[in-house]
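> Structure for the following, please:
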Amino acid sequence: MRSSTGCYQVTIVYGFKDEVDLPQTLVTCKPAGLAFEPSETSWFLSRAALVPKPGRGMALWRERLFAVMLHNVGNVAAFFKLPANRVIEVGARVEI
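Have a look, this model is predicted:
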C-alpha cells in the first residue's frame with residue numbers, strides 16, 4: 001500500500017446494519033503502511049443541489065418533491081463520523 005506520490009486508494013465495505021466510522025476504519029490501515037491522523041486530515045465531500053426545471057422529463061411537482069427530499073438528507077459528514085472542522089464540501093447545481 002506504499003505510494004511514491006502520497007496518494008492512496010482504499011476500498012471499504014460496510015454492511016447494511018454496520019455502524020460507519022470512517023476515521024476509525026482507516027486507522028486500521030496503519031499496519032499496511034497508511035498512517036495518518038484523522039484530526040489533521042482534510043475530508044472532501046461532494047454535494048449536489050437539484051434545481052427543478054419545467055419542460056423536462058418529470059412533472060414539475062415531482063421534480064420539486066424530489067429536490068426537497070434530497071435536500072432533507074442527513075448530514076453526510078456526521079454519518080461518516082468525520083471531524084466537522086476538517087470537512088470541505090464541493091457542490092454543484094444540477095437541473096432536473
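
> check which helix or strand covers the residue positioned nearest the centre of the chain.
In the chain, the centroid-proximal residue (Cα atoms, centre = their mean) is L45; its distance is 4.5 Å. Element membership of L45 [criterion: DSSP states H and E] is strand 43-51.

> what's that strand packed up against?
When contacts are defined as 3 or more Cβ pairs under 8 Å, 6 or more residues apart in numbering; DSSP states H and E, strand 43-51 sits against helix 60-71, helix 76-79, strand 87-95. C-betas here are computed from N, CA, C, even on glycine.

> Tell me the buried residues in the lowest-mean-pLDDT helix or strand in the chain?
Lowest by mean pLDDT, DSSP states H and E among the helices and strands of the chain is helix 60-71, with a mean of 79. The neighbour-count check on helix 60-71 (16 or more other Cβ atoms under 10 Å) flags E63, A67 as buried.

> okay, the angle between it and strand 43-51?
Computed by axes from the mean of the first three to the mean of the last three Cα atoms, to 10 degrees, the angle separating helix 60-71 from strand 43-51 equals 160 degrees.

> same for helix 60-71, what does it pack against?
Using 3+ Cβ pairs under 8 Å, 6+ apart: helix 60-71 touches strand 43-51.
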